[in-house]
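Enquirer: Pasting a predicted model and its sequence here:
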Amino acid sequence: MSRDRAVDALRAYAIGGVVLGHWLVTGLVLTCDGGLHQASPLTALPGLAPMTWVLQTLGLFFFTAGFGSARSLARHPDGTGRWLAGRLRRLLLPAVALLGVGAAVLLAATVVGTSDDTLAVALRLAVSPLWFLLPLVILVAATGPLRAAVRRWGVARCGTPAVVMVAAVDLAVRLLPAGTDLPPVTVLAAWSVPYLLGVAHADGRLDGRRAPPPAGTA
(Lines give C-alpha, C1' and ligand atoms only; values in the text may rest on other atoms or scores of the structure.)
Protein backbone atom coordinates (compact mmCIF):
# COMPACT_ATOMS: atom_id res chain seq x y z
CA MET A 1 0.00 0.00 0.00
CA SER A 2 2.98 2.31 0.43
CA ARG A 3 3.92 2.14 -3.24
CA ASP A 4 3.09 4.95 -5.63
CA ARG A 5 1.26 3.13 -8.41
CA ALA A 6 1.46 6.12 -10.75
CA VAL A 7 5.25 6.13 -10.49
CA ASP A 8 5.28 2.36 -10.99
CA ALA A 9 3.27 2.84 -14.19
CA LEU A 10 5.65 5.58 -15.38
CA ARG A 11 8.62 3.32 -14.67
CA ALA A 12 7.12 0.48 -16.69
CA TYR A 13 6.30 2.85 -19.55
CA ALA A 14 9.81 4.34 -19.46
CA ILE A 15 11.52 0.94 -19.56
CA GLY A 16 9.23 -0.24 -22.34
CA GLY A 17 9.88 2.98 -24.27
CA VAL A 18 13.65 2.57 -24.01
CA VAL A 19 13.53 -1.05 -25.18
CA LEU A 20 11.04 -0.48 -28.01
CA GLY A 21 12.70 2.77 -29.05
CA HIS A 22 16.07 1.10 -29.48
CA TRP A 23 14.47 -1.81 -31.31
CA LEU A 24 12.66 0.57 -33.67
CA VAL A 25 15.83 2.38 -34.76
CA THR A 26 18.17 -0.62 -34.84
CA GLY A 27 18.32 -3.02 -37.74
CA LEU A 28 20.94 -5.46 -38.94
CA VAL A 29 21.65 -5.67 -42.66
CA LEU A 30 23.46 -8.61 -44.18
CA THR A 31 25.93 -7.43 -46.81
CA CYS A 32 27.03 -9.33 -49.87
CA ASP A 33 30.30 -10.36 -48.18
CA GLY A 34 28.41 -11.99 -45.30
CA GLY A 35 29.03 -9.26 -42.74
CA LEU A 36 26.47 -7.39 -40.67
CA HIS A 37 25.96 -3.63 -40.71
CA GLN A 38 23.68 -1.52 -38.56
CA ALA A 39 20.92 0.49 -40.22
CA SER A 40 17.76 2.17 -38.98
CA PRO A 41 14.51 0.59 -40.19
CA LEU A 42 13.06 4.12 -40.26
CA THR A 43 15.00 4.81 -43.45
CA ALA A 44 12.83 2.23 -45.21
CA LEU A 45 9.70 2.74 -43.10
CA PRO A 46 9.45 6.50 -42.48
CA GLY A 47 5.79 6.14 -41.58
CA LEU A 48 6.90 4.65 -38.23
CA ALA A 49 8.77 7.84 -37.27
CA PRO A 50 5.86 9.27 -35.22
CA MET A 51 6.16 6.26 -32.91
CA THR A 52 9.51 7.60 -31.73
CA TRP A 53 7.73 10.67 -30.34
CA VAL A 54 6.05 8.58 -27.63
CA LEU A 55 9.09 6.38 -27.05
CA GLN A 56 11.41 9.19 -25.88
CA THR A 57 11.00 8.10 -22.28
CA LEU A 58 14.47 8.50 -20.79
CA GLY A 59 13.36 11.61 -18.92
CA LEU A 60 10.67 9.54 -17.19
CA PHE A 61 13.30 6.92 -16.44
CA PHE A 62 15.43 9.48 -14.59
CA PHE A 63 12.34 10.91 -12.87
CA THR A 64 11.34 7.54 -11.46
CA ALA A 65 14.97 6.82 -10.55
CA GLY A 66 15.10 10.03 -8.52
CA PHE A 67 11.79 9.17 -6.85
CA GLY A 68 12.90 5.63 -6.02
CA SER A 69 16.31 6.69 -4.75
CA ALA A 70 14.86 9.38 -2.47
CA ARG A 71 12.22 7.01 -1.09
CA SER A 72 14.83 4.31 -0.53
CA LEU A 73 17.25 6.71 1.15
CA ALA A 74 14.50 7.92 3.50
CA ARG A 75 14.23 4.36 4.82
CA HIS A 76 17.92 4.38 5.79
CA PRO A 77 18.29 7.19 8.33
CA ASP A 78 21.31 5.47 9.90
CA GLY A 79 23.61 6.62 7.11
CA THR A 80 24.05 6.74 3.35
CA GLY A 81 27.20 4.62 3.00
CA ARG A 82 25.58 1.19 3.15
CA TRP A 83 22.54 2.46 1.26
CA LEU A 84 24.68 3.81 -1.57
CA ALA A 85 26.74 0.62 -1.78
CA GLY A 86 23.59 -1.47 -2.08
CA ARG A 87 22.00 0.91 -4.57
CA LEU A 88 25.06 0.97 -6.83
CA ARG A 89 25.39 -2.80 -6.62
CA ARG A 90 21.84 -3.20 -7.89
CA LEU A 91 22.60 -0.79 -10.75
CA LEU A 92 26.00 -2.06 -11.82
CA LEU A 93 25.92 -5.84 -11.32
CA PRO A 94 23.42 -6.44 -14.17
CA ALA A 95 25.55 -4.23 -16.45
CA VAL A 96 28.69 -6.16 -15.49
CA ALA A 97 26.88 -9.44 -16.18
CA LEU A 98 25.71 -8.16 -19.57
CA LEU A 99 29.20 -7.04 -20.52
CA GLY A 100 30.66 -10.35 -19.34
CA VAL A 101 28.26 -12.36 -21.49
CA GLY A 102 28.87 -10.00 -24.40
CA ALA A 103 32.63 -10.36 -24.05
CA ALA A 104 32.34 -14.15 -24.05
CA VAL A 105 30.16 -14.08 -27.17
CA LEU A 106 32.56 -11.70 -28.95
CA LEU A 107 35.52 -13.90 -28.03
CA ALA A 108 33.78 -16.97 -29.41
CA ALA A 109 32.83 -15.06 -32.57
CA THR A 110 36.43 -13.94 -33.02
CA VAL A 111 37.69 -17.52 -32.66
CA VAL A 112 35.34 -18.80 -35.36
CA GLY A 113 36.49 -16.06 -37.75
CA THR A 114 33.61 -13.57 -37.70
CA SER A 115 34.32 -10.49 -39.82
CA ASP A 116 35.61 -7.32 -38.16
CA ASP A 117 32.57 -5.32 -39.33
CA THR A 118 30.19 -7.73 -37.62
CA LEU A 119 32.27 -7.70 -34.43
CA ALA A 120 32.27 -3.89 -34.42
CA VAL A 121 28.49 -3.79 -34.79
CA ALA A 122 28.01 -6.34 -32.00
CA LEU A 123 30.34 -4.42 -29.68
CA ARG A 124 28.57 -1.14 -30.39
CA LEU A 125 25.13 -2.66 -29.77
CA ALA A 126 26.29 -4.16 -26.48
CA VAL A 127 28.04 -1.08 -25.07
CA SER A 128 26.29 2.00 -26.48
CA PRO A 129 22.93 1.55 -24.65
CA LEU A 130 24.77 1.68 -21.31
CA TRP A 131 25.88 5.33 -21.61
CA PHE A 132 23.09 6.46 -19.27
CA LEU A 133 24.66 4.57 -16.36
CA LEU A 134 27.39 7.19 -15.88
CA PRO A 135 25.06 10.17 -15.23
CA LEU A 136 22.67 7.93 -13.31
CA VAL A 137 25.39 6.63 -10.98
CA ILE A 138 26.57 10.21 -10.31
CA LEU A 139 23.04 11.36 -9.54
CA VAL A 140 22.31 8.38 -7.31
CA ALA A 141 25.52 9.07 -5.38
CA ALA A 142 24.38 12.68 -4.95
CA THR A 143 20.84 11.80 -3.86
CA GLY A 144 21.44 12.84 -0.25
CA PRO A 145 22.77 16.33 -1.05
CA LEU A 146 20.16 16.80 -3.78
CA ARG A 147 17.37 15.87 -1.38
CA ALA A 148 18.68 18.29 1.22
CA ALA A 149 19.01 21.05 -1.39
CA VAL A 150 15.46 20.56 -2.64
CA ARG A 151 14.16 20.72 0.93
CA ARG A 152 16.09 23.92 1.61
CA TRP A 153 15.73 25.88 -1.61
CA GLY A 154 12.94 24.17 -3.54
CA VAL A 155 13.06 22.27 -6.80
CA ALA A 156 12.78 25.38 -9.02
CA ARG A 157 15.90 27.01 -7.60
CA CYS A 158 17.82 23.73 -7.70
CA GLY A 159 16.85 22.90 -11.28
CA THR A 160 17.22 26.35 -12.83
CA PRO A 161 21.07 26.31 -13.04
CA ALA A 162 20.96 23.02 -14.95
CA VAL A 163 18.33 24.36 -17.37
CA VAL A 164 20.38 27.53 -17.93
CA MET A 165 23.53 25.49 -18.56
CA VAL A 166 21.83 23.31 -21.17
CA ALA A 167 20.34 26.36 -22.89
CA ALA A 168 23.69 28.19 -22.88
CA VAL A 169 25.56 25.26 -24.39
CA ASP A 170 22.84 24.77 -27.00
CA LEU A 171 23.12 28.45 -27.94
CA ALA A 172 26.91 28.21 -28.07
CA VAL A 173 26.70 25.23 -30.43
CA ARG A 174 24.55 27.28 -32.78
CA LEU A 175 26.76 30.37 -32.65
CA LEU A 176 30.26 28.88 -32.61
CA PRO A 177 31.93 27.67 -35.82
CA ALA A 178 31.01 24.19 -36.96
CA GLY A 179 33.21 21.50 -35.49
CA THR A 180 33.89 23.33 -32.23
CA ASP A 181 34.14 20.79 -29.41
CA LEU A 182 32.39 21.58 -26.15
CA PRO A 183 32.68 19.52 -22.96
CA PRO A 184 29.73 17.14 -22.48
CA VAL A 185 28.57 18.88 -19.31
CA THR A 186 25.00 19.04 -20.53
CA VAL A 187 24.59 15.27 -20.26
CA LEU A 188 24.62 15.39 -16.47
CA ALA A 189 22.91 18.79 -16.27
CA ALA A 190 20.02 17.78 -18.53
CA TRP A 191 19.22 14.50 -16.80
CA SER A 192 19.60 16.03 -13.36
CA VAL A 193 16.38 18.00 -13.95
CA PRO A 194 13.97 15.02 -14.16
CA TYR A 195 15.97 13.32 -11.40
CA LEU A 196 15.48 16.37 -9.17
CA LEU A 197 11.76 16.37 -9.99
CA GLY A 198 11.60 12.73 -8.91
CA VAL A 199 13.39 13.54 -5.65
CA ALA A 200 10.97 16.44 -5.05
CA HIS A 201 7.95 14.23 -5.77
CA ALA A 202 9.18 11.65 -3.26
CA ASP A 203 9.23 14.45 -0.70
CA GLY A 204 5.68 15.50 -1.61
CA ARG A 205 6.73 18.81 -3.14
CA LEU A 206 4.99 18.37 -6.48
CA ASP A 207 1.53 17.54 -5.17
CA GLY A 208 1.26 19.83 -2.16
CA ARG A 209 2.41 17.30 0.43
CA ARG A 210 5.53 18.02 2.46
CA ALA A 211 7.68 15.45 4.19
CA PRO A 212 8.67 16.52 7.72
CA PRO A 213 11.97 18.40 7.78
CA PRO A 214 15.04 16.55 9.02
CA ALA A 215 15.85 16.83 12.71
CA GLY A 216 17.64 20.00 13.67
CA THR A 217 16.22 22.14 10.84
CA ALA A 218 13.59 24.82 10.91
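Expert: Nice, I can see it. Remember, it's a predicted structure, so these values are computed and weren't measured experimentally.

Enquirer: what's the nearest residue to the residue most central in space within the chain if we skip its chain neighbours?
Expert: Centroid-nearest residue in the chain: Phe132, 4.1 Å away (criterion: CA atoms, centre = their mean). Nearest non-adjacent residue to Phe132, counting by CB to CB, 6 or more residues apart in numbering: Leu58, 6.7 Å away. In short, each C-beta sits where N, CA and C put it, glycine included.

Enquirer: Could you measure from that neighbour over to Pro129?
Expert: 11 Å (CB to CB, to the nearest Å).

Enquirer: Tally up the residues packed near Ala65, please.
Expert: Applying other CB atoms under 10 Å, we find 23 residues neighbouring Ala65.

Enquirer: ok, which stretches of this structure are strands?
Expert: Under the criterion DSSP state E, strands of the chain are mapped to 27-30, 36-39.

Enquirer: List the pairing partners of the first one within its sheet, with orientation.
Expert: Looking back up the chat, that one is strand 27-30. If you go by DSSP bridges, strand 27-30 pairs up with strand 36-39 (antiparallel).

Enquirer: who touches the strand it pairs with?
Expert: Contacts with strand 36-39, where a contact means CB atoms under 8 Å, 6 or more residues apart in numbering, come from Thr26, Gly27, Leu28, Val29, Leu30, Thr31, Asp117, Thr118, Val121, Ala122, Arg124, Leu125.

Enquirer: Thought Thr57 was touching the residue nearest to the centre of the chain, still the case?
Expert: No - the pair Phe132 / Thr57 is not scored as a contact, 11.7 Å apart, by CB atoms under 8 Å.

Enquirer: Go through the protein and flag its longest helix.
Expert: helix 81-111 (DSSP state H).

Enquirer: Work out the gap between that helix and the centre of the chain.
Expert: Distance of helix 81-111 from its chain centroid, counting by CA atoms, centre = their mean, to the nearest Å, is 17 Å.

Enquirer: Same check on stretch 20-31?
Expert: Relative to its chain's centre, stretch 20-31 lies at 20 Å (CA atoms, centre = their mean).

Enquirer: What is the neighbour count of His22?
Expert: 13.

Enquirer: That one - nearest residue in space that isn't next to it in sequence?
Expert: Per CB to CB, 6+ apart, closest to His22 is Pro129, 6.2 Å.

Enquirer: Report the contact partners of Gly27.
Expert: Neighbours of Gly27 in contact, by CB under 8 Å, 6+ apart: Gln38, Ala39, Ser40, Pro41.

Enquirer: should've said Pro194
Expert: By CB under 8 Å, 6+ apart, Pro194 lies in contact with Gly59, Leu60, Phe62, Phe63, Gly66.

Enquirer: I'd like to know which of these are buried.
Expert: For the contacts of Pro194, a neighbour count by 16 or more other CB atoms under 10 Å gives the buried set as Gly59, Leu60, Phe62, Phe63, Gly66.

Enquirer: how close does the first one get to Gly17?
Expert: When CB to CB is applied, the distance between Gly59 and Gly17 equals 10 Å.

Enquirer: Pass me the low-pLDDT residue ranges in this protein, would you?
Expert: Applying pLDDT under 70 to the chain flags residues 1, 79, 208-218.
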